[in-house]
Every structure is written in C-alpha cells, then in structure tokens.
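J.: build me a structure from this.
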Amino acid sequence: MQLSLFTDYALRVLILTALNADRRTTIDEVVDRYGISKDHVRKVVQQLAAHRVLETTRGKGGGFRLRMASETIRIGDVVRATETGFALAECLRPDGDGCCPIQGICRLTGVLRGAADAFLAELDRHTLADIVANRPALLARLTVVA
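T.: Now for the predicted structure:
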C-alpha cells in the first residue's frame, strides 16, 4: 500500500501549519520549505479547507491556519479525506463486482479488508500533535537558508 503524493503533501502542509500555530502559514512558505509545486500546494490547501481542517484568509497578510487544535486532528481522518480509496485488490473496489470468478467465496477479500482497516486504525491512534511533538528538530530541518 502506498499513499498518494497528494496525501503526502497534505500531511506535510499540516505539519508546517501546526509548527506555525502562532501565525498563518502561506503557500509560498510551504513551497520554499518542501520544494513542492505551488499548484499542488494550492490544491492541497483547498481540499483541507473544504474538509474544514484549515481555515484560509485571502489577501495581504493572508494564509491558512489549523481550524482546530492539532490534538484533535487524527492522521487517519486526514488520510481518508485525501485518498481516493483503500481497495487493495480489484474485488474490493465499489465497481469490482464480477471482476473475479472466485469473488464472494475467496477469503483473501476479508484478509485484505482487515489489513486496510488495521492500517487506518493505526493512523487513527495518532494526532497531528503527536507528529509535531519533536518541534525543535522539525523547525531546524525546515529552516530555509537563503
């Protein structure tokens, strides 16, 4: 299983935003710190705002910040909001009916569904606050040297 780049970027945006809890974060700052394209960052911020994880402000002095405390943002919820699905095999996709001659009697389906559920359950055990608990080290690594 591999998370999409979109989800990876969303998690990075949230990490930097949590580190900047005392002020707004800007798209340009994310681009500078992570080297991600501005278009990708814009799309990520828009989706996180649509899911009510970020609040955005336009114009001079604008940017975005967390809509809620980092202790309440579960990593599993972010991944669910940014991934298109967790179908580990074709038979688990919503449109996968009839894709396999042993579908419905194959026990692999249950095993794969359980694996995806366990993956998400592990992510649900962690919050954004847990991820940024090593704040000084993260800030040191994300410092842009001009």
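J.: isn't residue 113 up against residue 89?
T.: No: counting by Cβ atoms under 8 Å, residue 113 does not reach residue 89; the two are 9.4 Å apart. C-beta coordinates here come from the backbone N, C-alpha and C atoms, glycine included.
J.: tell me the helices and strands packed up against the longest helix that the chain contains.
T.: Taking DSSP state H as the assignment, the helix of the chain that covers the most residues is helix 108-124. For helix 108-124, the packing partners by 3 or more Cβ pairs under 8 Å, 6 or more residues apart in numbering; DSSP states H and E come out as helix 75-82.
J.: part of a helix, is residue 64?
T.: No: checked against DSSP: H, G, I helix; E, B strand; the rest coil, residue 64 lies outside a helix; its state is strand.
J.: how close does the most far-flung residue of the chain relative to its centre sit to residue 89?
T.: Distance to the chain centre peaks in the chain at residue 101, reaching 35.4 Å (criterion: Cα atoms, centre = their mean). For residue 101, the distance to residue 89 (Cβ to Cβ, to the nearest Å) stands at 14 Å.
J.: with residue 4 instead?
T.: For residue 4 relative to residue 89 (Cβ to Cβ), the value is 18 Å.
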